[in-house]
Every structure is written in structure tokens, then in C-alpha cells.
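Q: Below: sequence and its predicted model.
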Amino acid sequence: MYAGYPLDRPSKWPLVVIMLISILWSLYLFEKAKQRQNLKSAEMRKAVHIDTEEMFRYGMETDAGNAFVYGELAALDPVSVPELDGEYYCIEDTEEEYRENTRVVTKQVYCDGKYDTEQQVETYYEWQTVSVRTVSCTRI
């Protein structure tokens, strides 16, 4: 008995077939995901490791493909602002204000055996972006 309905032998076969199809489909999807992961891993293992300037130039000239490049990154024209000490690649200054906002909310109220709609004005506060200033170097 299943939820008050008897399951005789012929009515079990569709359930068994559906379960087998589901299991086979999930195994197929798992195998496809595993193959994709293996391809990506092989691609990363085959990548060239570049750690000198000569190897970098050779890789650029010969189009070596995927590469892991090790080195020091430096800005040729670093930027600075009076508010901060030092020189940087990029500086983003975001000014925000905590402002009061209002919105009209419509609610359904059950009264005297029927539903009525009622509108209320709600006040809420949130941070709002006033201005964004970005300064960045042009050459790295």
C-alpha cells in the first residue's frame, strides 16, 4: 500500500524504469563533468612557467600559449592623491551619504468578512553613492 493505493506488480515497472533512467542520466552528467575537469587540469599542467624576462620575450614572440608568468608588477606612472601617502596603481574614492527615503506600501487587510487594500507610507534609510572619483595609472 502506498498512500492508500495498492501497488501491484505491473504498476511498479514504470517507477523502476524512471529510477533507472534517472540514475543513468546522473552517471552520464557526472562523467561529462569529470572529463571537463580533467581537460582543464591537463591544460593547466601543460602551461609554460615563465620567470625571466628572456623567457617572457621569447613566449611573446613565439605565441607560446598558456603560461604562468612570475615577476614583479610595477606602474611606470603611479598615481597619488593628497589624502593618501604613497603611490598606487589605481585609487577609487567613493562618497556615500546615509539618506532618508520613503515608499508607498500597499497591504491587504481582512475586515468585516472582506479584503480591503490600504496604503501606508514607510520611511527607511540607506547608503547612497553621491560621487565616484577614479584615478589610475596608464602604463604598467
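A: Ah, there it is.
Q: When you work out contacts or count neighbours from here on, use the C-alpha atoms and nothing else.
A: Fine.
Q: Report whether Val81 is found in a helix, as I expect.
A: No: secondary structure of Val81 (DSSP: H, G, I helix; E, B strand; the rest coil): coil, not part of a helix.
Q: if I look at it, how far off is Glu92?
A: 10 Å (Cα to Cα, to the nearest Å).
Q: Then Lys34?
A: 41 Å.
Q: And for Lys114?
A: Distance from Lys114 to Glu92, by Cα to Cα: 55 Å.
Q: now do Ser11
A: Distance from Ser11 to Glu92, by Cα to Cα: 67 Å.
Q: what's the longest helix in the chain?
A: helix 9-45 (DSSP state H).
Q: Gln128: what's it in contact with?
A: 96-99 (Cα atoms under 8 Å, 6 or more residues apart in numbering).
Q: same thing with Gln108?
A: 115-118.
Q: What pairs with the host helix or strand of it, parallel or antiparallel?
A: Using DSSP states H and E, Gln108 falls within strand 90-111. Taking DSSP bridges as the criterion, strand 90-111 forms sheet pairs with strand 114-136 (antiparallel).
Q: of the contacts of Gln128, closest to Asp77?
A: Glu96 (28.8 Å; Cα to Cα).
Q: what's across from that closest one in the sheet?
A: Thr129.
Q: then stretch 70-88 to CSV, C-alphas only?
A: Only the C-alpha atoms of stretch 70-88 are listed here, as CSV (Å, rounded to 0.1, in the frame of the first residue of the first chain):
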residue,chain,number,x,y,z
TYR,A,70,56.2,35.1,-12.4
GLY,A,71,57.7,38.5,-11.7
GLU,A,72,57.2,41.9,-10.2
LEU,A,73,54.5,44.2,-11.4
ALA,A,74,55.3,47.9,-11.4
ALA,A,75,53.5,51.1,-12.5
LEU,A,76,55.5,53.3,-14.9
ASP,A,77,53.4,56.3,-13.9
PRO,A,78,52.0,55.7,-10.4
VAL,A,79,49.2,57.9,-9.1
SER,A,80,48.7,59.6,-5.8
VAL,A,81,46.2,61.9,-4.1
PRO,A,82,46.8,64.4,-1.3
GLU,A,83,44.7,62.4,1.2
LEU,A,84,46.9,59.3,0.9
ASP,A,85,50.6,58.8,1.4
GLY,A,86,52.4,56.8,-1.3
GLU,A,87,52.0,55.9,-4.9
TYR,A,88,49.4,53.4,-6.3
